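1. The sequence isn't on hand, but the structure is:
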């Protein structure tokens, strides 16, 4: 009798590289590496996404019932914010397995300033509350959301901060440029003024990750056109889905390697302010790449702040103090031994608590016995 855990995994994915490049490999498809390390049998059906206005099931999810026909699962893991999940597909997911794990990688509550800046974050709380009726467990990145959901007994929620696959944690030293730090990401909200701040001129450089200069983004777009056409064809879904996932996995992993190499182009990597109230995946990926992470100090999130010790594993600056960020960058430049020490300390913490392999095992243990993990 085969006693291996059987998991249906429905990760979030973009339909075009212009969207997908903002979707961290470690956050979704990379979880496959955690399932493998836990010896779980994993069937992956990516749910592609093109815009907030999307109103229909996408690509392979539209044929998920056919792909899963005759199969049994112990658990379903599904991204529950961006994926189009109507009540029919939610009912189906609820019928598949006794344990349904929702993945929530963004915050649910925002202040008035944040709400005024973009329509994309409106209505998230209501959407998630409805979907939690079909979910038994929730792995969420914002500790406040976890507290709220558990208090209201909407689901069993666990705080699950960012992690990175263990094989990407750099064990050696790479030579760093000595005169600037980098930021890789979308310059939305407060980020534009930070990048133009006079105190940071010449010290903070906005860079584009190097995979965007290769043929991989074009391959990604071609693959998703193939996926859409095949999923809409009369051909059996399973062979096409298998080919799609194999190619997607290869493209995603190669792009992620280029991204990690891009993080090594400066003496440090800066995490500028963002909407989500937890460290972005950029922070742990920077640590994996062997560079000091310099992050804004996310307010009112004590558990998040305790993940890494300021001054020893990370450098923190206040949201409204660009001068403090400039000082941190200058300190990393002037004190290379300090930079090496921060990198080494962060790497040890990362390997101990924050690999994808550890995170998946922590979630599985929590599902089994109800004990939430400690990250300190």
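-> Received it, and whenever you're ready, just let me know what you need. Owing to the predicted nature of the structure, the values given are computational and were not obtained by experimental measurement.
2. what's the closest residue to residue 42 other than its chain neighbours in contact with, if anything?
-> Residue nearest to residue 42 in three dimensions, not counting chain neighbours: residue 35, with 4.2 Å by Cβ to Cβ, 6 or more residues apart in numbering. In short, each C-beta sits where N, CA and C put it, glycine included. Counting by Cβ atoms under 8 Å, 6 or more residues apart in numbering, residue 35 touches 7, 9, 42, 360.
3. State the helix or strand in which residue 35 lies.
-> Here residue 35 sits within helix 31-37, counting by DSSP states H and E.
4. quick one: buried residues of that helix?
-> For helix 31-37, burial by neighbour count (16 or more other Cβ atoms under 10 Å) applies to 31-35, 37.
5. And for residue 233, the neighbour number?
-> Applying other Cβ atoms under 10 Å, we find 11 residues neighbouring residue 233.
6. Can you check the pLDDT for it?
-> Reported pLDDT at residue 233 in the predicted model: 91.
7. Make residue 1 into 13 and carry on from there
-> Got it, first residue is 13 now, which makes that one residue 245.
8. The residue lying closest to it once chain neighbours are set aside and residue 54, how far apart?
-> In this structure, residue 245 finds its nearest non-sequential neighbour in residue 252, 7.7 Å apart by Cβ to Cβ, 6+ apart. Counting by Cβ to Cβ, to the nearest Å, the gap from residue 252 to residue 54 is 18 Å.
9. Dump the buried residues of helix 43-49 into a markdown table; add pLDDT as well.
-> A markdown table is the format used below for these (pLDDT from 0 to 100):
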| residue | pLDDT |
| --- | --- |
| 43 | 97 |
| 44 | 97 |
| 45 | 97 |
| 46 | 97 |
| 47 | 98 |
| 49 | 97 |
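10. now the helix ranked longest in the chain, how far from the centre of its chain.
-> Looking across the chain with DSSP state H, the single longest helix is helix 249-275. Relative to its parent chain, helix 249-275 has a centroid offset of 15 Å by Cα atoms, centre = their mean, to the nearest Å.
11. Let me see the mean pLDDT of it.
-> Helix 249-275 comes out at a mean pLDDT of 96.
12. repeat for stretch 128-142
-> Stretch 128-142 comes out at a mean pLDDT of 83.
13. Only the buried residues of that stretch, if you could.
-> 133, 136, 140.
14. Just those: which are in strands?
-> In strands, defined here by DSSP state E, there are no members of the buried residues of stretch 128-142.
15. What distance do you get for residue 91 to residue 45?
-> 17 Å.
16. Surely the residue nearest to residue 245 is in contact with residue 235?
-> No - taking contacts as Cβ atoms under 8 Å, residue 252 lies outside contact range of residue 235: 11.2 Å.
17. Which one's more surrounded, these two?
-> Using other Cβ under 10 Å as the criterion, residue 252 and residue 235 rank with residue 252 on top: 20 against 16.
18. Spell out the residue ranges of the helices in the stretch 63-212 of the chain.
-> Using DSSP state H, counting those that start in this stretch, the helices of the stretch 63-212 of the chain run over 76-79, 99-108, 124-129, 136-143, 155-163, 203-208.
19. Name the residues of stretch 222-238 that are buried.
-> Judged by neighbour count using 16+ other Cβ under 10 Å, the buried positions of stretch 222-238 are 222-223, 228-229, 231-233, 235-236.
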